[in-house]
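1. sequence and predicted structure are below.
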Amino acid sequence: MSRLPLVYPKKQSIAFSNILFSLYHQAKTADCEEIVFDLSNSESLTPLGIIMLIATITECMTRGEKCVYRKPVDRTLQRFFKEIGFNKFFRLTDSDYSELHNISTGTIQLRRISGLNTSIADTITEIINFHLRISDGLKGSLRMSMNEAITNVIDHSGRNDYYVCCRTYPNLKQIRLCIADLGIGIRYSLTKKDVYKYITTDREAIKLATEEGVSSREERAGLGLSHIKKFLMVNRG
């Protein structure tokens, strides 16, 4: 049996995004029967790390490949995976775990959603407010930004399902949020229009997409991502 081992880093956060995306693309393009997700050295995952791991496993399972899980040695991370229902959802161990859906464990909120569901933005905003006591203005901007990102999945990605994960870090006064889908990507979405055919890289596409008025749609659009960009800049995101 052909096997691909994927060894995950000690910390899985945006600082290690190049490694996480490399592992994702290795799994996505692999021609093998079994993929080993080796998290034995892992100690912590941020929302980006959690969703990148989930997306990678989903990609493999969709193709019918066998997914083997080497659990973390770190007991805190073992307990965290158990609490969010990660193990049971991906059938990586025996089923003594809770479901992944509708999870709220302390400061973590993880959801897999189908269709346009903007109520998730209200739920996560209230969780954040409980832990960080943010202003009404910040709550409104945060809710609007999440709704925009969720709407973009339905309008542009070619997919109807997506993941949302959020965690608050009160000691750091930080909110870390990840919304992700396994759709066609921003570059492909934009280059369907002739005016954007010149775009050749994802980086170029993302940078352009955050400018006001840039959209893959014919009607007036292209305000949402520019709003998110400004919101992040004002709040030092």
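-> Ah, there it is.
2. in this structure, where's the longest helix?
-> helix 136-156 (DSSP state H).
3. next secondary structure after that one?
-> strand 161-169 (DSSP states H and E).
4. in its sheet, what does that following strand sit against?
-> Each strand paired with strand 161-169, and its direction, by DSSP bridges: strand 108-114 (antiparallel), strand 174-180 (antiparallel).
5. in the longest helix of the chain, which residues are buried?
-> The neighbour-count check on helix 136-156 (16 or more other Cβ atoms under 10 Å) flags 138, 141-150, 152-154, 156 as buried. (C-beta placed from N, C-alpha, C; glycine too.)
6. same thing with stretch 21-29?
-> Leu23, Tyr24, Ala27.
7. so for stretch 155-174, mean pLDDT?
-> In this model, stretch 155-174 has an average pLDDT of 85.
8. for stretch 122-136, that is, sorry about that
-> 82.
9. what residues does that stretch touch?
-> Applying Cβ atoms under 8 Å, 6 or more residues apart in numbering, the contact partners of stretch 122-136 are 104, 107, 109, 139, 142-143, 146, 164, 166, 168, 170, 173, 175, 177.
10. need the residues you listed in JSON lines with distance to Thr62, can you?
-> Shown next, in JSON lines, are the contacts of stretch 122-136 (distance: Cβ to Cβ, whole Å):
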{"residue": "Ser104", "distance to Thr62": "27"}
{"residue": "Thr107", "distance to Thr62": "30"}
{"residue": "Gln109", "distance to Thr62": "25"}
{"residue": "Lys139", "distance to Thr62": "36"}
{"residue": "Leu142", "distance to Thr62": "32"}
{"residue": "Arg143", "distance to Thr62": "31"}
{"residue": "Met146", "distance to Thr62": "26"}
{"residue": "Val164", "distance to Thr62": "19"}
{"residue": "Cys166", "distance to Thr62": "25"}
{"residue": "Thr168", "distance to Thr62": "31"}
{"residue": "Pro170", "distance to Thr62": "37"}
{"residue": "Lys173", "distance to Thr62": "38"}
{"residue": "Ile175", "distance to Thr62": "31"}
{"residue": "Leu177", "distance to Thr62": "25"}
